[in-house]
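[1] Based on what follows, work out the 3D shape:
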Amino acid sequence: FTSRQSTPTATMRSFAAAAAATAAALSTASAFAPHAHKSPLSTVVSPAPATSNVVLRQAAEEVDPLDFTPEGTQKRIQALVDGNPVLLFMKGSKIFPQCGFSNSAVQILQSFGIDFETVDVLADESIRSGVKDFSQWPTIPQLYVAGEFIGGSDIMIEMYQSGELGEMIEKAKADMV
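    Numbering: from 1, shown residues only. Presented below is the predicted three-dimensional model:
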């Protein structure tokens, strides 16, 4: 019986291997949406700070930031929906989605080459549960376009395939200009 101890060099090799695997996974994930808008951030190995925190702060400025009641959460969600033409409540960020459904939703939106905001529901439990009440929809992700609740990733996929989502996004895109 011999004991194998980890050395700093072995640890660095393990870290380098993990970083290479993460980079490979990111490039593989982008292959699922061949028409997706390529962002210079798509090659980043570690996720950048989520824009969802900025979006949450902006919404909090418009409503009482100390109101953590269900009504206060609903006001924050309404401010987010009203303030962003294309908004996706998701698990993780658009740079680093934390579930397959959220990843699919991001890939679909990126394929249109538009700016859209995301809110990481994992960062705020009141938003995570509150958005389900707000939309009367039990799952995450949830897409809002021009203030209208569209649905989750399954509905986004259907609408993407039929061309209906593209028409809706084009209208929202025109409204952004």
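
[2] Which residues lie in contact with residue 131 in this structure?
    For residue 131, the contacting residues are 77, 89, 119, 121, 140, 142, by Cβ atoms under 8 Å, 6 or more residues apart in numbering. For every residue, glycine as well, the C-beta is placed using N, CA and C.

[3] I'd say residue 117 and residue 89 touch.
    No: the pair residue 117 / residue 89 is not scored as a contact, 9.9 Å apart, by Cβ atoms under 8 Å.

[4] Look at those two and report which has more neighbours.
    In this view residue 117 and residue 89 are compared by other Cβ atoms under 10 Å, and residue 89 has more residues nearby, 29 against 19.

[5] Wait, a strand at that one?
    Yes: applying DSSP: H, G, I helix; E, B strand; the rest coil, one finds residue 89 inside a strand.

[6] what are the bridge partners for it, then?
    Taking DSSP bridges, one obtains residue 119, residue 142 as the residues bridged to residue 89.

[7] what pLDDT does it get?
    In the predicted model, residue 89 carries a pLDDT score of 98.

[8] again, but for residue 93
    In the prediction, the pLDDT value recorded for residue 93 is 96.

[9] That one: neighbour count?
    22.

[10] same check, this time on residue 116
    Residues contacting residue 116 under the criterion other Cβ under 10 Å number 22.

[11] what are the ranges of the helices in the chain?
    Listed in chain order, the helices of the chain (DSSP state H) span residues 8-31, 51-62, 70-83, 100-110, 125-135, 153-162, 164-176.

[12] Check the ones you listed for me: which has the lowest mean pLDDT.
    Mean pLDDT across these is lowest at helix 8-31; the value there is a mean of 41.

[13] Quick check: neighbours shared by residue 117 and residue 89?
    Here residue 117 and residue 89 have no joint contacts, going by Cβ under 8 Å, 6+ apart.

[14] Just list the residues touching residue 152, thanks.
    Applying Cβ under 8 Å, 6+ apart, the residues contacting residue 152 are 101, 105, 137, 139, 140, 141, 142, 143.

[15] Go ahead and build a PyMOL selection from the buried members of those residues.
    The following PyMOL selection, which keeps only the buried ones among the contacts of residue 152, applies the criterion 16 or more other Cβ atoms under 10 Å:
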select buried, resi 101+105+137+140+141+142+143
